[in-house]
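Peer 1: Turn this into a model:
(chains A and B)
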Amino acid sequence: MPDRAGARRPPRAAASSPARAAGARRPAPERLGVRKTYKLFIAGAFPRSESGRSYPVTGADGALLAHAARASRKDARDAVTAARAAFAAWSGATAYNRGQVLYRVAELLDGRAAQFTATSVQNEGLSAAEAGRAVAAAIDRWVWYAGWPDKIAQVAGAANPVAGPYFNFSVPEPTGVVAVVAPAGSGLLGLVSVLAPVIASGNTAVVVASEAYPLAAITLAEVLATSDVPAGVVNVLTGFAAELAPVLAGHMDVNAIDLTGVGAAGRGELERLAAGNVKRVFAADEDWAAPPGPRRMLAFTEIKTVWHPVGI
Amino acid sequence: MTWDYAPAPESREVVTIAGEYGLFIDGEFGPAADGQQFPTVNPATEETLARVALAGRADVDRAVAAARAAYQDAWGPMPGAERAKYLYRIARVLQERAREFAVLESLDNGKPVRESRDVDVPLAAAHFFYYAGWADKLEYAGLGPGPRPLGVAGQVIPWNFPLLMAAWKLAPALAAGNTCVLKPAETTPLTALLLAEVCQQADLPPGVVNVLTGAGDTGAALVSHPGVDKVAFTGSTEVGKEISRALAGTGRRLTLELGGKGANIVFDDAPAEQAVEGIVNGIFFNQGHVCCAGSRLLVQESVAGTVVERLKERLATLRLGDPLDKNTDIGAINSREQLDKISALSAAGDAEGAERWSPPCPLPGRGYWFPPTVFTGVSQSHRIAREEIFGPVLSVLTFRTPEEAVTKANNTPYGLAAGVWTEKGSRILWMAQRLRAGVIWANTYNRFDPASPFGGYRESGFGREGGRHGLAAYLDA
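Peer 2: Sure, this is the predicted structure:
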């Protein structure tokens, strides 16, 4: 994807006015469309923000598309609780099973490609061709990560030839609950590129969606909710990253945070907050269209080494 | 108290068997060039299931040419991420049509449907799923920078796990970017042909997978074909040696997965019930038609009496009969030829002085059957302790010390697999270091997983299938 969207700074949604393009009165359509209410995705359910707040999401032309929920600190904490509750089962599932579950996400996303393309066109102002390429890349990214759960230990693990009668091996294990601030400029592909590696390696996630482009994130949540991804493994918050990221960075039950979606200027303060419980912090600005490597998975794993004596 | 089982037959209606099957070359099914056919029979009933094309030299030429063209024009240049998606499709169709495959496998092979349903078919699908994930990650396989496919792979597989062996051969080869000509065993061609149909359903480009049914001559023509870059063979050590000789000096790549005479070693501290289950699974799984079968039980002398006694009690509960019955433990022997071989080796056990025991076990009137059999009083020099029987026949030997167990276990030209039963972890690892075998199962036996490499030492062959290491056989790096 020639990621124009990735380079462009999105308009700050809260500041944009819901003014209608080119004023004139429209004739009533023959059948009025039914609009979707975009809510949060926490513990497999779609609640509104407990704060009752929302914010307008506009298209590239400035027209109002929807009101997204504006998650609060409490919503963020609820999402962490849900992610923690889901961690034991998800990290304990076999790697083969996690791979199957991720592949099914790709299958379901493929079936909804047209919807995601239309959303990207509306919300992000991409051309239909650009949006189509981004959606295809997002589907393929799930496929790429679906192949990793049962391979990551074979690539990043080792049998260690220690100098003594011991069998010694090291395996990567998921670090726990990972907070992710999704890229601001790529509603679906950017989100998938930072989310899939976190759950592929067995972590559970709390994602703060792109502030300006949150619609794809909530629609993706609908895909996840009907896939085989267990409730709570992925939790999606929409709202203002400036409000939510500090809550997650300072949260004592979050094990790691991906600050990719936070501008370089904002990362320092969040990293200071993250130090409160020695969070693993990762941030990397990437070309989302390029093939990824395993570093995003490895950033959120711990290497565990086991010693066992050898002898009669 | 006796336990009676009502019949629980799986329906054979779930699969449609055609009267005739053609060769699968360049994406199409068609007859052999010279029109020859051979029958494939249900070993449980001796009925002919279908007539299958017998591939000759001209067909091998055509299949290899199709594979070469597909390698050059379609599969070789294709990005790994796209190859991956084809393999995922095949894995998914295998899962979706699992019941058909399970019934067809049991009909053609004679194995209990419980095993084909719970082991062969799901493992085959998992194998495609696992290697699909490698297709776009080859640079992470640790083999070196820029790994390249080899070209056309000629693959010859045995009759004991027909579909699973096809998956073991095709999935890594295709993931690595090779194209394949697969020759299934003469007595079990049907699931490979159904897999060919699955390749069509997945829209796999023509020529990427070709299936040549036939007998030994077909396989010999394939492996010695100058258009084949890589040969992979699973089968007897005898044929493996012939293939090695045929390829000598050609520079073509070869991997071999051959016979075995696995030692299943039970120490005195092993949990008895668990060990007995492991012994039964080790040798009676798939009628003992398993190259890694635990066909030699090495049991520590102090517990030998108890273990053998409990083993006999357990064997008396095994149910032998209709492979399509979901309660069946022991199915049919795959062929008359194999039954004759098992019978002859067992007779040698009698003649050499070992003591034969089988539970009371009525055999069906038609078909090929052999009761679960245990030989005690076996010594190292007996043929039944040295030669691969490839049937439901267990030879029991004893040992006193761990060193003696290792010596006896390694006293074989083979080296495919071994089992160790003990509660002591350090002893498991001590044994594992000394056993000259490619797979060591500790407190379990006959476990298989696509992520786990499998293959032998010494005359059990070379090369590994499964896992990251399984890719090495199909890549130039």
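Peer 1: tell me, what residue is most central in chain B?
Peer 2: For chain B, the residue nearest the mean C-alpha position is residue B:161 (4.2 Å; C-alpha atoms, centre = their mean).
Peer 1: got it, and chain A?
Peer 2: residue A:195 (3.5 Å).
Peer 1: Run through the residues that contact it.
Peer 2: By C-beta atoms under 8 Å, 6 or more residues apart in numbering or on different chains, residue A:195 lies in contact with A:180, A:182, A:205, A:207, A:234. Bear in mind the C-beta positions are built from the backbone N, C-alpha and C, glycine included.
Peer 1: The same query, at a cut-off of 10 Å, please.
Peer 2: A:105, A:141-142, A:145, A:178, A:180, A:182, A:205, A:207, A:209, A:217, A:220, A:224, A:234, A:236, A:258, A:296 (C-beta atoms under 10 Å, 6 or more residues apart in numbering or on different chains).
Peer 1: which of the residues you listed are close to chain B?
Peer 2: A:141, A:145 (C-beta under 10 Å from any C-beta of the partner chain).
Peer 1: The stretch 151-300 of chain B: strands as residue ranges?
Peer 2: B:152-156, B:179-183, B:209-211, B:230-234, B:253-257, B:263-266, B:296-300 (DSSP state E, counting those that start in this stretch).
Peer 1: so what's residue 72 up against?
Peer 2: I'll assume chain A. So residue A:72 contacts A:40, A:49-53, A:78, A:237, A:239, A:243-244, A:247 (C-beta under 10 Å, 6+ apart).
Peer 1: wrong one, chain B
Peer 2: By C-beta under 10 Å, 6+ apart, residue B:72 lies in contact with B:151-152, B:179, B:207.
Peer 1: Now do the helices in the stretch 201-350 of chain B.
Peer 2: Secondary structure of the stretch 201-350 of chain B (DSSP state H, counting those that start in this stretch): helices at B:216-223, B:237-247, B:272-284, B:301-315, B:336-351.
Peer 1: These into a markdown table, with extra columns for distance to chain A?
Peer 2: As requested, the helices of the stretch 201-350 of chain B are arranged in a markdown table below (distance: least, C-beta to the nearest C-beta, whole Å):
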| stretch | distance to chain A |
| --- | --- |
| helix B:216-223 | 30 |
| helix B:237-247 | 28 |
| helix B:272-284 | 19 |
| helix B:301-315 | 16 |
| helix B:336-351 | 32 |
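Peer 1: those helices in the stretch 1-150 of chain A, which residues are they?
Peer 2: Counting by DSSP H, counting those that start in this stretch, one finds helices in the stretch 1-150 of chain A at the ranges A:4-7, A:73-92, A:95-111, A:113-124, A:128-146.
Peer 1: so who does residue A:120 touch?
Peer 2: By C-beta under 10 Å, 6+ apart, the contact set of residue A:120 is A:5, A:126-128, A:130-135, A:138, A:186-189, A:213, A:215-216.
Peer 1: Now list the buried members of the residues you listed.
Peer 2: The neighbour-count test (16 or more other C-beta atoms under 10 Å in any protein chain shown) applied to the contacts of residue A:120 identifies A:5, A:126, A:130-135, A:138, A:186-189, A:213, A:215-216 as buried.
Peer 1: quick check, nearest of those residues to chain B?
Peer 2: Nearest to chain B among these is residue A:138, at 13.1 Å by C-beta to the nearest C-beta.
Peer 1: Neighbours of residue B:272, how many?
Peer 2: Neighbour count for residue B:272, taken as other C-beta atoms under 10 Å in any protein chain shown: 16.
Peer 1: Tell me which residues touch the closest residue in space to residue B:196 that isn't next to it in sequence, please.
Peer 2: Sequence neighbours aside, residue B:24 is the residue nearest to residue B:196 in space, at 3.8 Å (criterion: C-beta to C-beta, 6 or more residues apart in numbering or on different chains). Applying C-beta under 10 Å, 6+ apart to residue B:24 gives the contacts B:30, B:53, B:63, B:66, B:181-182, B:192-193, B:195-197, B:199-200, B:206, B:209-213.
Peer 1: Would you show me how to pick out the buried ones of these in PyMOL?
Peer 2: To isolate the buried members of the contacts of residue B:24 in PyMOL, using 16+ other C-beta under 10 Å:
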select buried, chain B and resi 53+63+66+181+182+192+193+195+196+199+206+209+210+211+212+213
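Peer 1: now the residue nearest to residue B:196, which residues is it bridged with?
Peer 2: Residue B:24 forms beta bridges with residue B:29, residue B:211, as assigned by DSSP bridges.
Peer 1: burial count for residue B:320?
Peer 2: Residue B:320 has 22 neighbouring residues, counting by other C-beta under 10 Å.
Peer 1: hang on, it packs against residue B:373?
Peer 2: No: using C-beta atoms under 10 Å, residue B:320 is not in contact with residue B:373; the gap is 11.4 Å.
Peer 1: circling back to that earlier point, just the buried positions in whichever strand or helix holds the residue nearest to the centre of chain A, please.
Peer 2: If you go by DSSP states H and E, residue A:195 is part of helix A:189-200. Of all the residues in helix A:189-200, those buried under the rule 16+ other C-beta under 10 Å are A:189-200.
Peer 1: Can you give the distance of that helix from its chain's centre?
Peer 2: Distance of helix A:189-200 from the chain centroid (C-alpha atoms, centre = their mean, to the nearest Å) equals 5 Å.
Peer 1: Same question for stretch A:277-290.
Peer 2: That offset, for stretch A:277-290, works out to 12 Å (C-alpha atoms, centre = their mean).
Peer 1: Stretch A:94-109 now?
Peer 2: On C-alpha atoms, centre = their mean, the centre of stretch A:94-109 falls 16 Å from the chain's centre.
Peer 1: just stretch A:124-132 next, same as before
Peer 2: Taking mean C-alpha positions (C-alpha atoms, centre = their mean), stretch A:124-132 and its chain are 20 Å apart.
Peer 1: Stretch A:171-189 too?
Peer 2: 5 Å.
Peer 1: How about it, which residues are buried there?
Peer 2: A:171-189.
Peer 1: same thing with stretch B:272-285?
Peer 2: Within stretch B:272-285, the residues scored as buried using 16+ other C-beta under 10 Å are B:272, B:275-285.
Peer 1: residue in chain B nearest to chain A?
Peer 2: Closest point on chain B to chain A, by C-beta to the nearest C-beta, is residue B:133, at 2.1 Å.
Peer 1: Let me know the secondary structure of that residue.
Peer 2: Secondary structure for residue B:133, judged by DSSP: H, G, I helix; E, B strand; the rest coil, is helix.
Peer 1: ok, it - contacts?
Peer 2: A:99, A:102-103, A:143-151, B:84, B:87-88, B:91, B:175, B:450.
Peer 1: Just the pLDDT for residue 273.
Peer 2: Picked chain A for this. Note on residue A:273: pLDDT of 98.
Peer 1: Let me rephrase: I mean chain B.
Peer 2: Note for residue B:273: predicted pLDDT of 94.
Peer 1: What residues does it make contact with?
Peer 2: B:310, B:314.
Peer 1: If we use 8 Å, what do you get?
Peer 2: residue B:310.
Peer 1: And for the one 3 residues further on?
Peer 2: Residue B:276 sits next to B:307, B:310-311, B:314 when contact means C-beta under 8 Å, 6+ apart.
Peer 1: Show me which parts of stretch A:222-239 are buried, residue by residue.
Peer 2: For stretch A:222-239, the neighbour count (16+ other C-beta under 10 Å) marks A:222-224, A:227, A:229-239 as buried.
Peer 1: Counting only helices, which of the contacts of residue A:195 make the cut?
Peer 2: A:105, A:141-142, A:145, A:217, A:220, A:224, A:296 (DSSP state H).
Peer 1: Tally up the residues packed near residue B:332, please.
Peer 2: Counted with other C-beta under 10 Å, residues neighbouring residue B:332 total 29.
Peer 1: doesn't residue B:323 make contact with it?
Peer 2: Yes: Residue B:332 is within contact range of residue B:323, at 5.9 Å (criterion: C-beta atoms under 8 Å).
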